[in-house]
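1. return a 3D structure for these sequence lines:
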Amino acid sequence: MAEQETPEESAAGAADEPRADAIDALRAQWRRERPDLDLAGLDAMALVGRIKRAEQLLSKGMKTVFAEYGLEFGEFDVLATLRRVGAPHELTAGGLLKTAMVTSGAITNRLDKLERKGLIERRQDPADRRAIRVRLTEAGRDLVDRAVVDHIANEQRMLAALTPADREALDWALRRLLVSLGDTHLG
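-> Reported below is the predicted structural model:
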């Protein structure tokens, strides 16, 4: 007589093999409609699709936490960048632009909003009159210090489906991909 799986063993097996996702359905459609397409190419398209969908879903999950602090993702990004560079928590606007991967207009918009909220201050760079220096205010530092704790907890929650080994393997693979695409330094 065969032994029956316990609920715990059944759940463990289910955790090892994820259910089909939306990308599986898209790949099946391509296989049905274009059986001539290279399977490796479809696998690559599926992987890129999963990366993009994961980014969209993770961004949506992060917006909730930032909203609790009256911030948008881009505003949090500026505050976090200024906080992590260390005292005096200040960079040039150009330095912020290099880390943000957005246009100069987008950075200006973010800085305008953060300045109106009293979270940053801008001043002319004494060493280069053409440059503007951006510094966290005390209120900005307090806000980002509180927000980053909830942000990290939220990211951990969103990644809870992955084992520590999954996270390490994904981290390694994505790092390798980013380096191959030329993303080896800020700016």
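
2. where exactly do the helices run in the protein?
-> Secondary structure of the chain (DSSP state H): helices at 7-16, 22-33, 39-68, 73-84, 93-100, 104-116, 138-158, 164-180.

3. how close does residue 145 sit to residue 136?
-> Using Cβ to Cβ, to the nearest Å, residue 145 is found at 10 Å from residue 136. C-betas here are computed from N, CA, C, even on glycine.

4. between these two, which is the more surrounded one?
-> More crowded of residue 145 and residue 136, by other Cβ atoms under 10 Å: residue 136, with 26 against 12.

5. so what pLDDT did the more buried one get?
-> Looking at residue 136, its pLDDT stands at 96.

6. try residue 10
-> On the pLDDT scale, residue 10 gets 42.

7. then residue 1?
-> On the pLDDT scale, residue 1 is placed at 42.

8. least trustworthy helix or strand in this protein by mean pLDDT?
-> In the chain, no helix or strand scores lower on mean pLDDT, DSSP states H and E than helix 7-16, which sits at a mean of 48.

9. number of nearby residues for residue 150?
-> By other Cβ under 10 Å, neighbour count at residue 150 equals 14.
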